[in-house]
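**Student:** next input, structure requested:
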Amino acid sequence: MALSLACVAYEGDDYLLVLDGDRVVPPQAVERLTLRRVGRVAPTRRFRFMLVDESMPAARGGNVPFNVRGFTWSPRLPIEVDCGGFWHAVGEVESLNQQAPGVTVGTEGWHVIGTGRLYASALADLVWASMGVDLVGVCVRADVTEADGCNLRGRFTGVRVDYPRRVCLRGARILSRWED
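**Tutor:** You can find the predicted model right below:
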């Protein structure tokens, strides 16, 4: 089985799918790919990402800018992929930190930088293999209060790793990745 991830356009939308050769892997089989391996020592795979930059306009779907300092989050947010409309956890966020304007290269306003760790699973392996090649974007999942064209406050609930054309906020991206 030669599995891969692909971003496929269908009826005006883009979908992230798991492929086996040129066949789409059904949702039940993708769910089995999320099972974590136990008993084998493997390197820990981590990545650093820019989640939100409040000065950058939204990229898709009428989303509006975030007031970064008005948001909170709980520890251990899930890192997810959306495969064909089904959400799958492939890791967890280890840290999120608000940074002042200009602290991180390529950002303009207050922004949130995070570090994530991928699980030891077959689906996380596919994500890791695609990171830095095609899968270079991230998108925040959040419960928000919107007013005056800005997401004023709320709570981050997850981080989605994705293709750039599916990312909801401009500038949200993977900055680096490493194994230890």
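**Student:** C-terminal to the helix ranked longest in the chain, what's the next element?
**Tutor:** Longest helix in the chain, counting residues (DSSP state H): helix 122-130. Past helix 122-130, further along toward the C-terminus, the next helix or strand under DSSP states H and E is strand 137-147.
**Student:** so after that next one, what's the next helix or strand?
**Tutor:** Heading C-terminal from strand 137-147 (DSSP H and E), you reach strand 150-162.
**Student:** if you count neighbours, what's buried in the helix or strand of the chain with the lowest mean pLDDT?
**Tutor:** Least confident helix or strand of the chain, by mean pLDDT, DSSP states H and E, is strand 137-147 with a mean of 81. Across strand 137-147, burial judged by 16 or more other CB atoms under 10 Å covers 137-142, 144. The way it works is simple: take the backbone N, C-alpha and C, and place the C-beta from them, glycine included.
**Student:** CA atoms of it as CSV?
**Tutor:** Extracted C-alpha coordinates of strand 137-147, given in CSV (Å, rounded to 0.1, in the frame of the first residue of the first chain):
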residue,chain,number,x,y,z
GLY,A,137,-0.1,25.8,6.0
VAL,A,138,-2.0,25.8,9.3
CYS,A,139,-5.4,27.1,10.2
VAL,A,140,-6.8,27.8,13.6
ARG,A,141,-10.1,26.4,14.9
ALA,A,142,-11.7,28.8,17.3
ASP,A,143,-14.9,29.9,19.1
VAL,A,144,-15.1,33.6,18.5
THR,A,145,-17.0,36.8,19.3
GLU,A,146,-17.0,39.0,16.3
ALA,A,147,-17.7,42.8,16.2
